[in-house]
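Undergrad: Just to be clear, the model below is a prediction. Sequence and coordinates:
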Amino acid sequence: MKNRRAGKWIAFGLIALVVTGYTVIPSEIRPDSPDGGTPVAVRTAEDSVVSIGDDVRREVLAKEAAAPDNAALEEQTALIRKNIPRESIPASPDPNGLGDAPGQVTVADPSEYTNNEIYVTYTDGSDEVLSCRNSREVSENLAVLAEEENVAYVQPNYTYTMAESEDPSEESSGAEAPNDPYFNKQWGLFNDGSFEMDSRQTHPEYDNPLNQPSDGETQPEDSAETQPTAVAGMDINYLEASELYMDSDREIIIALIDTGIDYTHTDLQDAFWKNEGEIPGNRKDDDGNGFTDDIYGWNFYGNNNKVLASGQEVHGTHVAGVLAAASGNGKGITGASLNPKVKIMILKVLGGRDGEGSTASIVSAIRYAQNNGASICNLSLCSEANDQALYRAIAGSSMLFITASGNTGSDIDKNPSYPASYDLDNILAVANMAADGSLELTSNYGVNSVDIAAPGTDILSTTPGNTYGFMTGTSMATPLVAAAAATVYSHYEDITVDDIPGILLTSARVTDELTGRVSTGGMLDMKAALSLDKELINEAAANRKKSGSSPEIYTQVTNQLGRDYLVVKVKDMDGNLAKTAYAEGNLTTLEFLGGTAGKPFTLNALGIHVFAIKNGGTYTFYAADESGNETIKAVAL
């Protein structure tokens with residue numbers, strides 16, 4: 001089990017600061033009196049007075065406050081709210097500590113920097129993107145950076161694109177169960193062999209999801225004449241799975257890292273995560289996470305909170321509908337997730353005329369998702385670049401990443417497509433199959449690199465402005481697997497995110513068409529995934545996770561006598577907490593190197609440490625137990 005984000009507040013009593021050590025962030029002890037001279041008295045719940053001065057770090061002994069340990073902090077204190085510059089992307093305090101990271105530590109060939117942007121990671125834990133005017137300036141900057149002692153590694157700010165291909169379109173008519181009128185055209189959910197594309201095309205066609213749809217007068221190359229005939233039963237067994245599904249109270253957030261999304265679509269009204277810590281429109285960072293008015297997520301492409309960007313939201317809106325459109329509301333289509341509590345976090349990283357995004361935007365989006373509670377991440381994008389920074393971000397995350405394999409019709413065992421080709425346990429790479437069960441001609445494949453296939457050809461879903469359209473590509477297959485992952489995660493209450501891949505891959509339906517093309521030799525089967533024996537599930541869970549549960553980290557900013565403090569509590573249900581540390585920047589568990597990196601801090605008998613805040617910025621707190629279970633919590637001050 002990897003890190004788990006704790007998102008609750010804790011109670012320490014009415015006015016008490018319960019401390020085991022006094023630490024000034026970032027490194028040195030300072031007087032905490034308002035005028036910087038006389039030590040300030042910190043009053044505990046027992047009314048004992050302890051002075052914290054400028055000479056030494058003192059331990060404050062206190063008994064547990066009267067409020068229960070799991071209650072909410074009294075909101076008598078104000079958060080410190082300061083914006084974090086978006087140009088700086090915090091990274092590892094020891095970026096060279098990963099022996100298994102792919103690629104070179106420094107990419108020195110100027111020809112690799114095709115967009116004239118240099119992604120630099122420094123030894124102090126900060127990253128930045130240097131924009132150059134031309135290749136000559138790139139070469140000059142690389143030469144300078146090579147001599148700088150504070151530079152950890154340098155690489156291009158790689159470009160990523162959507163994983164989609166040509167997109168035929170067609171109107172659906174009639175309805176079966178559920179009562180959504182276009183369900184009978186969603187062959188990926190229910191395929192009775194009747195699905196076909198013809199020349200009527202009353203739904204728009206999106207050959208390029210960032211351009212205007214076609215007028216419906218022309219057919220794409222994959223026309224009805226050349227299109228394979230649908231074969232009954234070649235679907236994910238959605239209806240059968242719905243009869244088996246047993247809901248739980250587990251709320252699941254899926255990070256959709258893509259283009260913008262039309263969150264006003266009537267078929268997506270209840271599909272989105274909302275940041276309850278933010279007050280919409282007040283232009284303040286109410287929850288102190290470093291992002292102002294991030295109600296539905298964040299636009300990392302434009303560095304703002306506008307996740308619905310006109311003309312750039314078709315692809316993301318289509319993916320969102322495949323994943324979580326409302327079922328049984330008598331409108332449009334049916335989303336594949338059976339858990340109505342699944343919520344989509346909108347993280348825009350792709351945009352512009354060509355629908356492209358960068359290393360910096362994607363890495364930032366992954367860190368935002370991790371820090372704000374997402375457990376599954378949908379990545380319907382790809383690149384040929386073996387991107388070390390993206391690898392590190394995924395490898396250091398506790399999220400499960402469902403990734404598109406790409407649409408060049410290539411064997412990516414030989415010609416890799418990233419991030420699908422990264423050999424990481426928390427990645428599931430998805431191929432695209434057609435309605436006859438064959439691998440779509442444009443879909444990438446690879447018996448070692450691609451895990452499973454799912455329907456992705458002629459997929460009807462939501463498009464902006466309360467419309468619907470067909471698209472084709474591994475981008476469309478990927479959210480079906482993400483929806484199945486969320487369904488499995490809520491169906492089996494005792495599993496962790498780490499157990500989901502084993503369940504989905506074990507239950508894949510093997511076919512002759514897919515054997516030798518993907519590692520399972522098969523396609524997604526939601527019914528089979530929900531039908532596994534409980535003992536088998538428990539055995540799989542035992543093989544995948546470490547014993548016990550992860551520690552939990554809770555934080556709150558408080559003000560005492562005019563001075564701001566960050567109160568940190570670490571709670572370990574198993575009672576075998578081993579290490580605690582913190583570092584400046586927005587880091588992952590991997591970057592703490594098992595607790596050997598970062599600055600250690602101690603806890604009192606209540607599991608509490610209080611830091612006096614000297615400077616603003618982002619700090620990540622880390623905890624690990626003796627079983628190796630890890631947790632991080634990033635705090636923006």
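TA: Arrived safely.
Undergrad: Check which residues of stretch 382-401 are buried.
TA: 382-401 (16 or more other Cβ atoms under 10 Å). In short, each C-beta sits where N, CA and C put it, glycine included.
Undergrad: In strands only, show me those residues.
TA: Among the buried residues of stretch 382-401, the ones falling in strands (DSSP state E) are 382, 400, 401.
Undergrad: where along the stretch 401-550 of the chain do the helices fall?
TA: 474-491, 500-506, 526-529, 534-544 (DSSP state H, counting those that start in this stretch).
Undergrad: okay, the ones in strands among the buried residues of stretch 382-401 in JSON lines with pLDDT next?
TA: Shown next, in JSON lines, are these (pLDDT from 0 to 100):
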{"residue": "382", "pLDDT": "90"}
{"residue": "400", "pLDDT": "97"}
{"residue": "401", "pLDDT": "98"}
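Undergrad: tell me which of these is nearest to residue 516?
TA: residue 382 (22.0 Å; Cβ to Cβ).
Undergrad: That closest one against residue 417, yeah?
TA: Yes: applying Cβ atoms under 8 Å as the test, residue 382 and residue 417 come out as touching, 4.9 Å apart.
Undergrad: what is in contact with those two at once?
TA: Both residue 382 and residue 417 are contacted by 405, 406, under the criterion Cβ atoms under 8 Å, 6 or more residues apart in numbering.
Undergrad: ok, back up a step: take the ones in strands among the buried residues of stretch 382-401 and write them to JSON lines, including distance to residue 507.
TA: Formatted as JSON lines, these follow (distance: Cβ to Cβ, whole Å):
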{"residue": "382", "distance to residue 507": "26"}
{"residue": "400", "distance to residue 507": "16"}
{"residue": "401", "distance to residue 507": "19"}
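Undergrad: and of these, the nearest to residue 260?
TA: The closest of those to residue 260 turns out to be residue 382 (Cβ to Cβ; 18.9 Å).
Undergrad: Is that closest one bridged to anything, and to what?
TA: As for beta bridges, residue 382 partners with residue 161 under DSSP bridges.
Undergrad: Ok, residue 445 next?
TA: residue 411.
Undergrad: And it, how close does it get to residue 157?
TA: To residue 157, residue 445 is 29 Å away according to Cβ to Cβ, to the nearest Å.
Undergrad: Return the member of the ones in strands among the buried residues of stretch 382-401 nearest to residue 467.
TA: Distances from residue 467 to those, taken by Cβ to Cβ, are shortest for residue 382, at 26.4 Å.
Undergrad: Report the contact partners of the closest one.
TA: Here residue 382 is in contact with 160, 161, 163, 403, 404, 405, 406, 417, 418, 419, 420 (criterion: Cβ under 8 Å, 6+ apart).
Undergrad: Select from these every entry located in strands.
TA: Per DSSP E, these map to strands at 160, 161, 403, 404.
Undergrad: what residues go with each domain of the chain?
TA: 22-76+553-636, 102-114+116-156, 183-543 (automatic domain parsing).
Undergrad: from those, which stretch is densest packed?
TA: Comparing those by mean neighbour count (mean count of other Cβ atoms under 10 Å), domain 183-543 ranks first with a mean of 22.
Undergrad: pLDDT below threshold where in the chain?
TA: 1-106, 125, 163-177, 198-227, 310-311, 534-536, 538-548 (pLDDT under 70).
Undergrad: in the stretch 201-350 of the chain, which spans are strands?
TA: Applying DSSP state E, counting those that start in this stretch to the stretch 201-350 of the chain gives strands spanning 253-258, 297-299, 343-348.
Undergrad: Identify the residues contacting the residue nearest to residue 317 when sequence neighbours are not counted.
TA: Of all residues beyond its chain neighbours, the one nearest residue 317 is residue 262 (4.6 Å), with distances taken as Cβ to Cβ, 6 or more residues apart in numbering. If a contact means Cβ under 8 Å, 6+ apart, then residue 262 has 268, 308, 313, 317, 462, 463, 464, 465 as its contacts.
Undergrad: my read: the fifth one touches residue 317, true?
TA: Yes: contact status for residue 462 versus residue 317: in contact at 5.4 Å, counting by Cβ under 8 Å.
Undergrad: Find residues that contact each of these two.
TA: 262, 265, 268.
Undergrad: Go through those residues and flag which are in helices.
TA: Using DSSP state H, no member of the shared contacts of residue 462 and residue 317 falls in helices.
Undergrad: got the residues you listed as JSON lines, with distance to residue 197 columns?
TA: Output for the shared contacts of residue 462 and residue 317, formatted as JSON lines (distance: Cβ to Cβ, whole Å):
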{"residue": "262", "distance to residue 197": "25"}
{"residue": "265", "distance to residue 197": "24"}
{"residue": "268", "distance to residue 197": "25"}
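Undergrad: In terms of helix, strand or coil, where does residue 111 fall?
TA: Following DSSP: H, G, I helix; E, B strand; the rest coil, the label given to residue 111 is helix.
Undergrad: show me the contacts for it.
TA: Contact analysis of residue 111 by Cβ under 8 Å, 6+ apart lists residue 135.
Undergrad: Please determine how far it is located from residue 138.
TA: Taking Cβ to Cβ, one finds residue 111 at 9 Å from residue 138.
Undergrad: now residue 633, which residues is it bridged with?
TA: Bridge pairing for residue 633 - DSSP bridges - gives residue 621.
Undergrad: What distance separates the opening and closing residues of stretch 280-290?
TA: Distance across stretch 280-290, first residue to last, is 15 Å (Cα to Cα, to the nearest Å).
Undergrad: Also stretch 585-593?
TA: 15 Å.
Undergrad: Tell me who's in contact with the spatially closest residue to residue 331 that is not a sequence neighbour.
TA: Among residues not flanking residue 331 along the chain, residue 267 sits closest, at 5.2 Å (Cβ to Cβ, 6+ apart). Residues in contact with residue 267 (Cβ under 8 Å, 6+ apart) are 321, 325, 326, 329, 331, 332, 333, 462, 466.
Undergrad: 10 Å instead?
TA: 180, 182, 317, 320-321, 324-327, 329, 331-335, 461-462, 466, 468 (Cβ atoms under 10 Å, 6 or more residues apart in numbering).
Undergrad: Next: residue 526.
TA: Counting by Cβ under 10 Å, 6+ apart, the residues that residue 526 touches are 189, 235-242, 244-245, 336-338, 480-481, 483-484, 487-488, 491, 504, 507.
Undergrad: gap between the nearest residue to residue 112 once chain neighbours are set aside and residue 272?
TA: Leaving aside its chain neighbours, residue 112 sits nearest to residue 156 (5.2 Å; criterion: Cβ to Cβ, 6+ apart). Separation of residue 156 from residue 272 (Cβ to Cβ): 33 Å.
Undergrad: One more: residue 514?
TA: With the distance defined as Cβ to Cβ, residue 514 ends up 33 Å from residue 272.
Undergrad: Residue 582 falls within a strand, correct?
TA: Yes: counting by three-state DSSP, one finds residue 582 located in a strand.
Undergrad: Thank you kindly, that will do.
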